[in-house]
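**Q** need a 3D model of the sequence below.
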Amino acid sequence: QVQLVESGGGLVQAGDSLRLSCAASGRTLHIYTMAWFRQAPGKERTFVSAITWVGEWTQYADAVRGRFTISKNQGNNSVILQMTNLKPEDTAVYYCATSSVGWTVRKSEYGDWGQGIQVIVSS
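**A** Coordinates of the predicted model:
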């Protein structure tokens, strides 16, 4: 099992930037992909971005492509989501997750999740 702790959320204005971090511990050798999902009030949890733990494959949801950047720091087992030009529709709880299955963006294939961190973007 992998333990995940997110940090860096908060309340910002539209157009601002935020940097989310996710620190992984535990069975990190089993990680294949790390990803960010988000869940807005009353909505399903949806994919935001993913990165392979080995190699540099990345993927983004259409809604965030060009504004968000995912990166990793294997030295301290963390993944970063740099968010720029934030919009009110980016308001959500953001979750970090890991998959040992392979390269995937399917929520069901992520077995370990963080507790989530709130991001609120005011207009």
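
**Q** which stretch of helix or strand covers the spatially most central residue of the chain?
**A** Taking C-alpha atoms, centre = their mean as the criterion, W36 is the residue nearest the geometric centre of the chain, at 2.1 Å. Secondary structure from DSSP states H and E places W36 in strand 33-39.

**Q** with K72 instead?
**A** Judged by DSSP H and E, K72 forms part of strand 68-73.

**Q** give the rounded mean pLDDT of that strand.
**A** Throughout strand 68-73, pLDDT has a mean value of 96.

**Q** which strands or helices does that strand pack on?
**A** Here strand 68-73 is seen to pack against strand 45-52, strand 58-60, strand 78-83 when contacts are counted using 3 or more C-beta pairs under 8 Å, 6 or more residues apart in numbering; DSSP states H and E. C-beta here means a position set from N, CA and C on the backbone, and glycine is covered the same way.

**Q** so which bits of it are buried?
**A** Buried residues in strand 68-73, counted by 16 or more other C-beta atoms under 10 Å: F68, T69, I70, K72.

**Q** ok, back up a step: out of the helices and strands packed on strand 68-73, the one nearest S17 is which?
**A** Comparison of these against S17 by C-beta to C-beta identifies strand 78-83 as nearest, at 6.1 Å.

**Q** OK, contacts around Q3?
**A** Contact analysis of Q3 by C-beta atoms under 8 Å, 6 or more residues apart in numbering lists A24, S25, G26, D112.
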